[in-house]
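Asks: The following block contains a protein sequence and its predicted model.
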Amino acid sequence: MSEIKAYGVHMGKARCAVDLGDGSERGEYVNQDYILHKLGRPHRGVSLMYCYYPLDKEWPGRISEVCKDMDVSFQWDYPYDDYFTYKGGLGGSRDDEPFNYMREVRRHGQEVVLTLTIDPNVSDEQLIAIAEDLRPFGRMMLRINHEATGDWFSFTKRTDYQGVANFYCRFNKILKEYAPNVTTILCIGGIEDKNATEIIMEKEFSQAVKETGIWSVDKYMALHWGWPFDVALKGGTSHSRSKVEDTYVLTKMSYNRFKEINGGEEKPMVMSEFNADGDVTGPYDQAQMVKDFCDILKSDPEQWLSGFTFYQFRDRGRLGLEIEDPNNADCGIEQPVMQTYKEIIHDDFFKPQMTKGGELSFPCTLRWGSSEDAEGIEIPLHFEKNPHFCEVVFDDESNLMLEINGKWFYKSPKAKTIDLMSAFFEKPLSAQTDLTLRIFAPPASGENDLTIKDGLFNSYTTIEKLPKIRIEFEPVEK
């Protein structure tokens, strides 16, 4: 192989980012290595869902386990929300969840999108403790008391809706002071009727719309909210299905109204939960509806949506790319929407944009701001034909994300050799081709170093030299 040259590369925002839900009241967390192998690329962010009700006598137990003998006929009938419980906060531990998952998400080149339902009666001191918990996790996003104009979550039963909105603003202000690295997501009902001119509870939530960092709605094109207590059947009242076009239009109308409330000034708009429930549509229509929505989004020249979160990777019902195997929670049963979703996220519209820089000399320092702002290494490689062997060998303990031929790989600090051949299984080369190997360095610990000047927002890794690259175009023996 001829002398290898390396160049700088900047990874920036996609035209529309994709995030992925991983674990909730409906499914367990799935490790990031498995997800990366299945989907072939990291997401902008991974959504983790937790609750914080420290004033309740049942806390910190997961409420469906603590109250397993309670007579419940609806998912949200427990004393507090049936999410995993946030083990940090005042008197808590950062060695428990969600922090271990948050570290894993960030090591794999993704940002944390933390959903937290919170008792609005907690003190400022308790909220400050949460803010302190989140400081090391870089440019993360926090969705506070989502679907706040609904009536199913426990926090809506502990104050009135103005109280819910005021709590949002109170916590948002604390985060700006104590954890400015955290961007808040306001998730409310938005416009829910084509003839409406205001968002749901606009009077109560207008100030929150102005103060939040990101606007959001949750939109399921089909949903069985009676799960798991009944079955969605024709004529039933615990499920619904909408037209794909209507879902798109209402979401865009919500964005435009948020902007009007904010004096015409734009903010990022996301769909924090998006899918069509296979309980209602069946597996084939589910995949088609997701594809149709994304086709409409791509064809819209206004490009108003910053990102969406697919809910979720593995689900005990039919809201996942996989259904959890009822015999073994560690196994997933792939659904047709998996392949559809994989094709969507590998479309250039949903991929981060790469900008090549100047030639690098070594050692060099790589910066990780976020999955939408990172500086890495770009190595041009020539392939005579489809390879039989393609691997990179490292002699250091770096934590890296690598991409070639559209497929991404993770190198943990303990890994030395990364086999890149799977990048050519689904996309084999048919002729001589020039490809680019890209390398980025998210923080090895999953946390930023807060002792450096800009550690709240950036992580740095020094790369002493390039790895050895082995490419062979024939078997070792014939």
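Replies: Nice, thanks for sending it over.
Asks: Check the offset of stretch 443-452 from the chain's centre.
Replies: The chain centroid and the centroid of stretch 443-452 are separated by 20 Å under CA atoms, centre = their mean, to the nearest Å.
Asks: what does that stretch rub up against?
Replies: When contacts are defined by CB atoms under 8 Å, 6 or more residues apart in numbering, stretch 443-452 is touched by residues 102-107, 135-138, 181, 368, 397-399, 413, 455-461. Every residue, glycine included, has its C-beta placed from N, CA and C.
Asks: and if you look at stretch 433-440?
Replies: 9, 11, 109, 354, 366, 368, 374, 376-383, 392, 400-405, 420, 463, 469.
Asks: What residues sit buried inside stretch 16-35?
Replies: 16-27, 29-30, 32, 35 (16 or more other CB atoms under 10 Å).
Asks: ah, wrong one, I meant stretch 351-368
Replies: For stretch 351-368, the neighbour count (16+ other CB under 10 Å) marks 351-352, 360, 364, 366-368 as buried.
Asks: try stretch 3-12
Replies: Neighbour-count burial for stretch 3-12, counted by 16+ other CB under 10 Å, picks out 6-11.
Asks: Could you do stretch 85-96 as well?
Replies: Under 16+ other CB under 10 Å, the buried positions of stretch 85-96 are 85-89, 92, 94.
Asks: before we move on, what about stretch 333-350?
Replies: Neighbour counts using 16+ other CB under 10 Å place 335-338, 340-341, 344-346, 350 of stretch 333-350 among the buried residues.
Asks: who's in contact with the lengthiest helix in the chain?
Replies: Ranked by residue count under DSSP state H, the longest helix found in the chain is helix 278-299. Residues from elsewhere that reach helix 278-299 (CB under 8 Å, 6+ apart): 16, 221-224, 227, 231-232, 239-241, 244-245, 247-248, 274-277, 305, 310, 317-319, 335-337, 339-341, 343-344, 347, 349-350.
Asks: Can you measure across stretch 37-55, start residue to end residue?
Replies: End-to-end distance for stretch 37-55: 41 Å, by CA to CA, to the nearest Å.
Asks: How far away from the center of its chain is that stretch?
Replies: 6 Å.
Asks: Over to stretch 319-331?
Replies: 19 Å.
Asks: okay, that stretch in CSV with CA atoms only?
Replies: The C-alpha coordinates for stretch 319-331 follow below in CSV (Å, rounded to 0.1, in the frame of the first residue of the first chain):
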residue,chain,number,x,y,z
LEU,A,319,-43.7,-0.3,18.8
GLY,A,320,-40.2,-1.5,18.2
LEU,A,321,-37.8,-2.3,15.4
GLU,A,322,-37.7,-5.6,17.3
ILE,A,323,-40.3,-7.2,19.5
GLU,A,324,-38.9,-8.6,22.8
ASP,A,325,-38.8,-12.4,22.8
PRO,A,326,-41.4,-13.4,25.4
ASN,A,327,-39.1,-16.3,26.4
ASN,A,328,-35.9,-14.3,26.7
ALA,A,329,-35.8,-10.5,27.3
ASP,A,330,-32.2,-10.4,26.0
CYS,A,331,-33.4,-11.5,22.5
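Asks: Tell me the spacing between H346 and V290.
Replies: 14 Å (CB to CB, to the nearest Å).
Asks: So, low pLDDT: which residues of the chain?
Replies: Scanning the chain for pLDDT under 70 picks out the ranges 1-2.
Asks: Go again with 90.
Replies: Across the chain, the ranges flagged by pLDDT under 90 are 1-4, 478.
Asks: Please, where are all the helices along it?
Replies: Here the chain has its helices, by DSSP H, at 32-39, 63-66, 99-107, 124-134, 161-178, 202-211, 244-261, 278-299, 336-345.
Asks: Of the buried residues of stretch 351-368, which pair is most distant in space?
Replies: By the measure CB to CB, K351 and C364 form the most distant pair in the buried residues of stretch 351-368, at 24.6 Å.
Asks: show me the contacts for Q335.
Replies: Q335 sits next to 278, 283, 286-287, 318, 320-323 when contact means CB under 8 Å, 6+ apart.
Asks: Distance to C331 and neighbour count added to those residues, as CSV?
Replies: Output for the contacts of Q335, formatted as CSV (distance: CB to CB, whole Å; neighbours: other CB atoms under 10 Å):
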residue, distance to C331, neighbour count
G278, 18, 24
P283, 18, 13
Q286, 20, 24
A287, 21, 21
R318, 16, 23
G320, 12, 26
L321, 14, 26
E322, 9, 21
I323, 10, 20
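Asks: export those to JSON lines and tack on distance to L48?
Replies: Converted to JSON lines, the contacts of Q335 look like this (distance: CB to CB, whole Å):
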{"residue": "G278", "distance to L48": "23"}
{"residue": "P283", "distance to L48": "26"}
{"residue": "Q286", "distance to L48": "23"}
{"residue": "A287", "distance to L48": "25"}
{"residue": "R318", "distance to L48": "21"}
{"residue": "G320", "distance to L48": "15"}
{"residue": "L321", "distance to L48": "17"}
{"residue": "E322", "distance to L48": "17"}
{"residue": "I323", "distance to L48": "20"}
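Asks: Nearest to R44 among these?
Replies: Among these, and counting by CB to CB, the member closest to R44 is L321, at 16.6 Å.
Asks: mind checking how far the closest one is from R438?
Replies: Distance from L321 to R438, by CB to CB: 25 Å.
Asks: and if you look at K465?
Replies: Taking CB to CB, one finds K465 at 17 Å from R438.
Asks: More neighbours: the two, which one.
Replies: Neighbours per residue, other CB atoms under 10 Å: of K465 and R438, the larger number sits with R438, 18 against 12.
Asks: OK, contacts around the nearest residue to the more buried one once chain neighbours are set aside?
Replies: Excluding its sequence neighbours, the residue lying closest to R438 (CB to CB, 6 or more residues apart in numbering) is E403, at 4.6 Å. When the contact criterion is CB under 8 Å, 6+ apart, the partners of E403 are 41, 409, 437-438.
Asks: can you list those residues in CSV and add distance to I118?
Replies: Formatted as CSV, the contacts of E403 follow (distance: CB to CB, whole Å):
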residue, distance to I118
R41, 32
F409, 37
L437, 44
R438, 39
